[in-house]
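J.: curious how this folds, go ahead:
(one chain, ligands or ions: 3)
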Amino acid sequence: MTTYKLLVLPGDGIGPEVMAEVEKIAAFLTYEGFVKFEVEKGLVGGSAYDVHRCAISEDDMERAQAADAVLLAAVGGPKWDNVPYELRPEAGLLRLRKDMQLFANLRPAICYPALADASSLKREVVDGLDLMIVRELTGGVYFGEPKQIIDLGNGQKRAIDTQVYDTYEIERIGRIAFELARKRRNKVTSSEKRNVMKSGVLWHEVISALHVREFPDVQLEHQLADALGMQLVRRPKQFDVIVTDNLFGDMLSDVASMLTGSLGMLPSASLGERNATTGARKALYEPVHGSAPDIAGKGIANPIAMISSLGMALRYSFNMDDLADRLDRSIARVLEKGLRTADIAGGATKTISTSEMGDAILEELKIAVH
Ligand SMILES: NC(=O)C1=CN([C@@H]2O[C@H](COP(=O)(O)OP(=O)(O)OC[C@H]3O[C@@H](n4cnc5c(N)ncnc54)[C@H](O)[C@@H]3O)[C@@H](O)[C@H]2O)C=CC1
Ligand SMILES: CC(C)CC(=O)C(=O)O
Ligand SMILES: [Mg+2]
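T.: Ligands and ions are numbered 1, 2, ... in the order given. Below is the predicted model:
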């Protein structure tokens, strides 16, 4: 059996709390012989800054590059508000994404039937929702240069961020979206703001040409990003795959999370290009949420986004769709039983802690795999 190298980066705030639940599941899968994980642990974010005075050490960067998959929970928090900008916790995550060239961020938003009433929207709007946001992750305004604050010397300062996209960056993320759509409901919605941004003009042009050239069988529509935000809360089930840039994808996926009940539900996969010879690709799996400093240390965070991120690793890095399906079904079963962390609680449900939720999912998984 192949041994997979897994680098675990718990990070900050609720990160270690939700990662502990994934570690239980990974240990179970290894113990039972379903998969052989060789798990290493590292530091990222504020926890790395406290030890190394940087947001990720060179040593951990090397281990991330060598891993078959990286699992990361979350970084950041008020403790590090005053560290130099280049050393802030989020810089560690951005460096991992950039240096590992993880350009494709897949953020599925699925409303589990048992949670249709936990959403802030009406049941009929979200029940059965299953959409996929494909966010470009290594370009755009998060990385464009110049990025600086200039002192104008007259008591004024000027802040500059730069949105940059090249044709190849748009093309490769578009290709991921079209390919995913072919395995789903065959529809892609591309989103930008070509009415005010040149990058939006190029985005629209490149996606349209790619569609005609390589994916004429897939339905393509374009929606301006502001209107798409509105449609996401108005009629989200119209969407199958949404492809968009780094910033819009970040924002729209937080919006989409509330359709599923909570930000604590949304996993993600960040993928690089496939190696043409081996078929392997660099990958990092992380929840969409952050370090949630407001609830950190209380043992009440929802670990489902983190656990589902392991599910995505089984699917996209280890070719174990069946096991991933069983893990997803175990999560669904626990929710059907009315077990809830505080963020998705309500009605006749039982509120449980982070570790109780992890244990409940593990118990269901034990049944599902035997
Ligand atoms: N990928 C990452 O590591 C990310 C890191 N961040 C960082 O996290 C820190 C906090 O950012 P916020 O804006 O507060 O966003 P956040 O995502 O950490 O929290 C937003 C809200 O959602 C709740 N929430 C998030 N995850 C939850 C979970 N698993 N269970 C239950 N409730 C959950 C929080 O309690 C909070 O009320 C910042 O330093 C930010 O930069 C933010 C987003 C992503
Ligand atoms: C660098 C991260 C903190 C940005 C973010 O919010 C995200 O990727 O979801
Ligand atoms: Mg975000």
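
J.: can you list the residues of the stretch 51-200 of the chain near ligand 1?
T.: Remark: the part of the stretch 51-200 of the chain in contact with ligand 1 comprises 74, 75, 76, 77, 90, 93, using CB under 6 Å from any ligand atom. Where you see a C-beta, it was placed from the backbone N, CA and C, and this is true even at glycine.

J.: and the furthest pair within those?
T.: Considering CB to CB, no two members of those lie farther apart than 77 and 93, which are separated by 13.0 Å.

J.: coming back round to it: among the residues of the stretch 51-200 of the chain next to ligand 1, which are located in strands?
T.: Per DSSP state E, strands hold the following members of these: residue 74.

J.: do the helix or strand harbouring residue 161 and ligand 2 meet at all?
T.: Residue 161 belongs to strand 157-162 when elements are defined using DSSP states H and E. No: using CB under 6 Å from any ligand atom, no contact is recorded between strand 157-162 and ligand 2, whose separation bottoms out at 13.7 Å.

J.: helix/strand/coil for residue 220?
T.: Local secondary structure at residue 220 is given as strand here, using DSSP: H, G, I helix; E, B strand; the rest coil.

J.: try residue 8
T.: When the rule is three-state DSSP, residue 8 gets the label strand.

J.: and it, how far from ligand 1?
T.: Taking CB to the nearest ligand atom, to the nearest Å as the criterion, residue 8 is separated from ligand 1 by 14 Å.

J.: enumerate the residues of the stretch 251-370 of the chain near ligand 2.
T.: Listed as neighbours of ligand 2 in the stretch 251-370 of the chain under the rule CB under 6 Å from any ligand atom: residue 288.

J.: so which residue of this protein comes closest to ligand 2?
T.: Closest approach between the chain and ligand 2, counting by CB to the nearest ligand atom: residue 90, at 4.2 Å.

J.: helices of this structure, start to end?
T.: Ranges of helices in the chain, per DSSP state H, are 15-31, 46-52, 58-66, 89-99, 123-126, 167-182, 198-214, 225-234, 246-259, 304-316, 321-336, 354-368.

J.: tell me the pLDDT at the nearest residue to residue 59 once chain neighbours are set aside?
T.: Counting by CB to CB, 6 or more residues apart in numbering, residue 42 is the residue found nearest to residue 59 once chain neighbours are left out, at 7.9 Å. The pLDDT attached to residue 42 in the predicted structure is 98.

J.: test my guess that residue 42 contacts residue 9.
T.: Yes: in this structure, residue 42 sits in contact with residue 9. The criterion is CB atoms under 8 Å, and the distance is 5.2 Å.

J.: tell me who's in contact with the residue nearest to residue 59.
T.: Counting by CB atoms under 8 Å, 6 or more residues apart in numbering, residue 42 touches 7, 8, 9, 48, 56, 57, 59, 60, 63, 64.

J.: and the pLDDT for residue 318?
T.: Predicted confidence (pLDDT) at residue 318: the value is 95.

J.: gap between it and ligand 1?
T.: Noted for residue 318: a distance of 22 Å to ligand 1, by CB to the nearest ligand atom.

J.: same question for residue 295.
T.: According to CB to the nearest ligand atom, residue 295 stands 4 Å off from ligand 1.

J.: do residue 260 as well
T.: Residue 260 sits 12 Å away from ligand 1 when distances are taken as CB to the nearest ligand atom.

J.: and if you look at residue 83?
T.: According to CB to the nearest ligand atom, residue 83 stands 11 Å off from ligand 1.

J.: number of nearby residues for residue 32?
T.: When neighbours are counted by other CB atoms under 10 Å, residue 32 registers 12.

J.: can you pull the contacts of the residue in the stretch 1-150 of the chain that ligand 1 sits nearest to?
T.: Each residue of the stretch 1-150 of the chain has a distance to ligand 1, by CB to the nearest ligand atom, and the smallest belongs to residue 76, at 2.3 Å. Taking CB under 8 Å, 6+ apart as the contact definition, residue 76 lies against 12, 13, 45, 46, 88, 89, 90, 290, 291, 293.
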